[in-house]
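>>> give me a 3D structure for the following:
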Amino acid sequence: MQFKHPELLYALFLLVIPIFIHLFQLRRFKKLEFSNLDFLKRVRIKTRKSSQLKKWLILLTRMAVFSCIILAFSQPFSASKSALKNDKELVIYIDNSFSTQLIDTKGVSLQTHLQKLYSQDFYDYKINWLTNDFSKRNTSAQNFKNDILTINHSQRQLSPKEVIIKSNQLFSTKNNNSEKRIIYISDFQSKSEFPEVPDGIILDIVALKYQEVSNINIDSVFIANTNIASVNLKVIITGQGLIPETVPISLYNKNKLIAKTAVNFGQDINSIKKKEVVFEIDNNDKFEGKLEITDPNLKFDNNLYFSTNLRKKIKVLEIGNTDNMYFKRIFKENEFNFTQQGSKSLNYTNFSSQNFIILNELEQIPESLVTAIKLYTDQGGSLLIIPSSNAIIEQYNQLYASLELGTISNFNKKEKKITKIEFENPLYKNVFEKEIINFQYPIVNSFFNLNSSVQKVLSFEDSKPFLLRKNHIYTSTAAINLQNSNFQNSPLIVPTFYNMAKQSLALPKLYYEIGEQNLYSISISLKQDEILKISDSLNTFIPLQQTKKNQVNIATENNPSNAGNYSITKDDIVIDKVSYNFDRQESILTYSNPNNWDNTNLYNNVGDLFDNIALDNKINSFWKWFVILALLFLLIELVILKFYK
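Residues are numbered from 1 along each chain as shown. Next up is the predicted model:
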């Protein structure tokens, strides 16, 4: 038992006063003279023993009355350690990822738990809360209740480790004696490992559980093959759990239904199944596509948007004095506008209209060409330099110095193998299924020693560079003609040079994923202060963009916030189309088991959790009982005085 005003208990020492008075009180008897002893016979006889007992009883009841009154004013109570702490903070994490759109067989969903959360008492806790999108600190209980009913689902998903770190940062106090409690409401779809719960933090978990997990989603779409007239689109559809045997899928161009077919999943519901569907569309028109299925479970993955624009050919210029057929084979007419010029008949004014220029084994680099190339690269043009074995080193060093590529020290006639590939380089993204260690190494018979700090792409066996990259500028350190190298016959030549050209003008893909860093280019020349915008029928935003001479490089990540087909515009004129979709990771419904998380408290629902919090914060007050006891002892005293003889 504890007391709210313990200092009043000192008044109990005053109870010794009536005890002393009772023990040391001296009785003096008064003599009465009687004329006749018959008077005494009419007096009721009182024994001294019974008189003393009555007085002791009265003393005890009065002391009990005063003791109960003193104790009542001291306000005694009992409570847990949690209830006694004055500094209590609460962080509530609400998992609003797309997977929490599911509803179990009893009709319980995330919204059900949020409605229960709305009706709870938060006692004296300071409320902080976060979702996958945002966090709020020191929110009043009423503002918190108003906000949680308007939470929207999001494609973002935090791992348990990220939730603990973010929650810990929201606690305003560093006092170890304060109570810090985290309420974690999630379906635990993330497969990340559970972190250790920090010391001094109470972690309460409300796990959203679904009895039957099932979902159908449009996983992806890509171009299977093309010809002059048509494009074949291959669509991947994934099914899981209790789903219909046949699922219809529709293809729209804008809002017009183009084609409709069905996917047969069969009756096996114990595994995740993937099915393919092929649609054919026109190759000569812009296509604002939408693929659609009907599934009552997760709604975000029922649609997939994509767009195809009229093909823009990438302009590639090769400057060289020999007719090299290998570049013509790489840069085919359906994707590239490939031209060749001799070094003695150059038209420098054409440089600005090119996306990719190749200086192919020139023996001499005149100063005028150095100036033109420098201007071209400063305006964002992509460049590849392949030196000639008979190159004039001084002239090449002048070019390298202007481009900050390094310095050639000498020419070396020695055979070397090209053995090292930088697989993480953007040139080789999605080229290799895995990192290859042993392959048929290309060789060179001679090379230049280039002293440079520029990033290596391909290297010799002694780690000296063969191909280097600085932003959009590339250079090799050896000629690749058949007399000096067999690189033309290597499998590396096609992805290397093809991706250099493709990345010089990264045209929009079929679609991009919201939340990822997306980079693409629009072939357009903008004047000063002109910008491109991205918009749909409801929203418009200005993306991060970099204006070059004949193109604009666009970067997006968290915008747009909704999936759909969007227009890239300049002054309300549509330049191109681009599509965005949500990531499909949450479409695969696999979950972690929160029972495996040590040092946590697991609850079935929000109601059970707050019932436990109420018990932890309950204070049992006893002052009313002491008032009742005081009145009871007072009543006993009155009975003794009146009826005890």
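>>> which residue packs closest to residue 603, ignoring adjacent ones?
Using Cβ to Cβ, 6 or more residues apart in numbering and skipping the chain neighbours, the partner closest in space to residue 603 is residue 609 (4.3 Å). All C-beta atoms are positioned from the backbone trio N, CA, C, and that covers glycine.
>>> quick check: mean pLDDT across whichever strand or helix holds that neighbour?
Counting by DSSP states H and E, the element that carries residue 609 is helix 606-616. For helix 606-616, mean pLDDT rounds to 76.
>>> quick one: the residue nearest to residue 603 and residue 183 touch, right?
Yes - contact criterion Cβ atoms under 8 Å: residue 609 and residue 183 qualify, at 6.8 Å.
>>> which neighbours do these two share?
204, 206 (Cβ atoms under 8 Å, 6 or more residues apart in numbering).
>>> with adjacent residues omitted, what lies nearest to residue 265?
Excluding the flanking residues, the one nearest residue 265 by Cβ to Cβ, 6+ apart is residue 239, at 4.6 Å.
>>> the helix or strand where that neighbour lies pairs with which strands, parallel or anti?
If you go by DSSP H and E, residue 239 is part of strand 230-240. Within its sheet, strand 230-240 is paired with strand 215-226 (antiparallel), strand 273-282 (antiparallel), according to DSSP bridges.
>>> name the residues that touch the last one?
This means strand 273-282. Strand 273-282 has contacts (Cβ under 8 Å, 6+ apart) with 219, 224, 229-240, 249, 251, 253, 258-259, 261, 263-266, 287, 289, 308.
>>> can you do 6 Å?
The contact list for strand 273-282 (Cβ atoms under 6 Å, 6 or more residues apart in numbering) reads 230-239, 249, 251, 259, 261, 263, 265, 287.
>>> could you dump the helix or strand just after that strand to CSV, C-alpha only?
The helix or strand immediately downstream of strand 273-282 is strand 287-292, counting by DSSP H and E. Extracted in CSV, the C-alpha atoms of strand 287-292 (Å, rounded to 0.1, in the frame of the first residue of the first chain):
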residue,chain,number,x,y,z
PHE,A,287,-0.6,3.0,-77.1
GLU,A,288,-1.8,4.0,-73.7
GLY,A,289,-2.4,0.6,-72.3
LYS,A,290,-4.1,-0.8,-69.3
LEU,A,291,-4.3,-4.5,-68.3
GLU,A,292,-7.2,-5.3,-65.9
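>>> figure out how far strand 287-292 is from the centre of its chain.
28 Å (Cα atoms, centre = their mean, to the nearest Å).
>>> measure how that strand sits relative to strand 273-282, angle-wise.
Angle of strand 287-292 versus strand 273-282, following axes from the mean of the first three to the mean of the last three Cα atoms, to 10 degrees, is 150 degrees.
>>> quick one: mean pLDDT for strand 287-292?
For strand 287-292, the per-residue pLDDT values average out at 90.
>>> same question, stretch 150-164
86.
>>> what does it contact?
Here stretch 150-164 makes contact (Cβ under 6 Å, 6+ apart) with 93, 96-98, 101, 132-133, 190, 192, 194-195, 515, 582-583.
>>> would you write a PyMOL line that selects the buried entries of these?
Buried residues within the contacts of stretch 150-164, by 16 or more other Cβ atoms under 10 Å, are selected in PyMOL with:
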select buried, resi 93+96+97+98+101+132+133+190+194+515+582+583
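>>> put together JSON lines for the contacts of stretch 150-164, with secondary structure, distance to residue 367 and pLDDT on each row.
JSON lines is the format used below for the contacts of stretch 150-164 (DSSP: H, G, I helix; E, B strand; the rest coil; distance: Cβ to Cβ, whole Å; pLDDT from 0 to 100):
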{"residue": "93", "secondary structure": "strand", "distance to residue 367": "64", "pLDDT": "91"}
{"residue": "96", "secondary structure": "coil", "distance to residue 367": "62", "pLDDT": "87"}
{"residue": "97", "secondary structure": "strand", "distance to residue 367": "60", "pLDDT": "86"}
{"residue": "98", "secondary structure": "helix", "distance to residue 367": "60", "pLDDT": "85"}
{"residue": "101", "secondary structure": "helix", "distance to residue 367": "65", "pLDDT": "80"}
{"residue": "132", "secondary structure": "coil", "distance to residue 367": "58", "pLDDT": "87"}
{"residue": "133", "secondary structure": "coil", "distance to residue 367": "56", "pLDDT": "86"}
{"residue": "190", "secondary structure": "coil", "distance to residue 367": "60", "pLDDT": "71"}
{"residue": "192", "secondary structure": "coil", "distance to residue 367": "58", "pLDDT": "75"}
{"residue": "194", "secondary structure": "coil", "distance to residue 367": "65", "pLDDT": "88"}
{"residue": "195", "secondary structure": "coil", "distance to residue 367": "62", "pLDDT": "86"}
{"residue": "515", "secondary structure": "coil", "distance to residue 367": "48", "pLDDT": "85"}
{"residue": "582", "secondary structure": "coil", "distance to residue 367": "54", "pLDDT": "90"}
{"residue": "583", "secondary structure": "coil", "distance to residue 367": "51", "pLDDT": "88"}
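>>> rebuild the contacts of stretch 150-164 as CSV, extending it with distance to residue 53.
Shown next, in CSV, are the contacts of stretch 150-164 (distance: Cβ to Cβ, whole Å):
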residue, distance to residue 53
93, 69
96, 76
97, 79
98, 83
101, 80
132, 78
133, 79
190, 78
192, 78
194, 71
195, 72
515, 89
582, 89
583, 89
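>>> low-confidence ranges in the stretch 1-150 of the chain?
Scanning the stretch 1-150 of the chain for pLDDT under 70 picks out 1-3, 22-52, 77-87, 104-108, 123-124.
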